[in-house]
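Participant: this one's sequence-less:
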């Protein structure tokens, strides 16, 4: 037991030194730094009044599917912004729709440089051809999921392309299995 514990600690130290994280994976850069989500939410609400779920989907789309804030992150953030007086909520069709206040506009103006950097970082994330770290399978699968979701929802209810999409996905799965088996040999 003691030996196994020492080996795990040694492996963890090695991975930390070499920028690796978890089970042989690599830690990908965070899409948003501390406080960035707050500014991004204000910016999106400035574009047009939005409700929480709309903000979640918009952020996912702007990051190319690599980041989707959970409701457990989004709604408390909106609550804090409302408490700070940066947004005001109004109930429309059963949903709380948020609008920017004057204080929110001033906050955005004050942090315009930071917001520009955030938007630049999100733009890079949204580019499917953006360079991925070879170990960043999670990011690649999120982008695939986002593209698939976007394609299916845009063509709905025309399901004529679904068979072709299923065929492509099945072929990709087969190729992945074949590559894994080849590596195992």
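Facilitator: Structure received. The model shown is predicted, which means the values in this text are computed figures rather than measured ones.
Participant: C-alpha from now on. contacts and neighbour counts both.
Facilitator: Fine.
Participant: where along this protein do the helices fall?
Facilitator: With DSSP state H, the ranges of helices along the chain come out as 2-17, 36-47, 52-62, 71-83, 102-110, 112-126, 137-155, 162-184.
Participant: mean pLDDT lowest for which of those helices?
Facilitator: Among the helices of the chain, helix 2-17 carries the lowest mean pLDDT, a mean of 55.
Participant: can you list the domains in the protein?
Facilitator: In terms of domains, the chain is parsed into 1-30, 32-129, 131-185 (source: automatic domain parsing).
Participant: circling back to that earlier point, okay if I get the helices of the chain as JSON lines plus mean neighbour count and distance to residue 95?
Facilitator: JSON lines is the format used below for these (neighbours: other Cα atoms under 10 Å; distance: least, Cα to Cα, whole Å):
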{"stretch": "helix 2-17", "mean neighbour count": "12", "distance to residue 95": "44"}
{"stretch": "helix 36-47", "mean neighbour count": "18", "distance to residue 95": "15"}
{"stretch": "helix 52-62", "mean neighbour count": "18", "distance to residue 95": "9"}
{"stretch": "helix 71-83", "mean neighbour count": "15", "distance to residue 95": "12"}
{"stretch": "helix 102-110", "mean neighbour count": "15", "distance to residue 95": "21"}
{"stretch": "helix 112-126", "mean neighbour count": "16", "distance to residue 95": "27"}
{"stretch": "helix 137-155", "mean neighbour count": "15", "distance to residue 95": "22"}
{"stretch": "helix 162-184", "mean neighbour count": "11", "distance to residue 95": "33"}
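Participant: can you put those helices in a markdown table and add distance to residue 94?
Facilitator: What follows is the helices of the chain, written out as a markdown table (distance: least, Cα to Cα, whole Å):
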| stretch | distance to residue 94 |
| --- | --- |
| helix 2-17 | 48 |
| helix 36-47 | 18 |
| helix 52-62 | 12 |
| helix 71-83 | 15 |
| helix 102-110 | 24 |
| helix 112-126 | 31 |
| helix 137-155 | 24 |
| helix 162-184 | 34 |
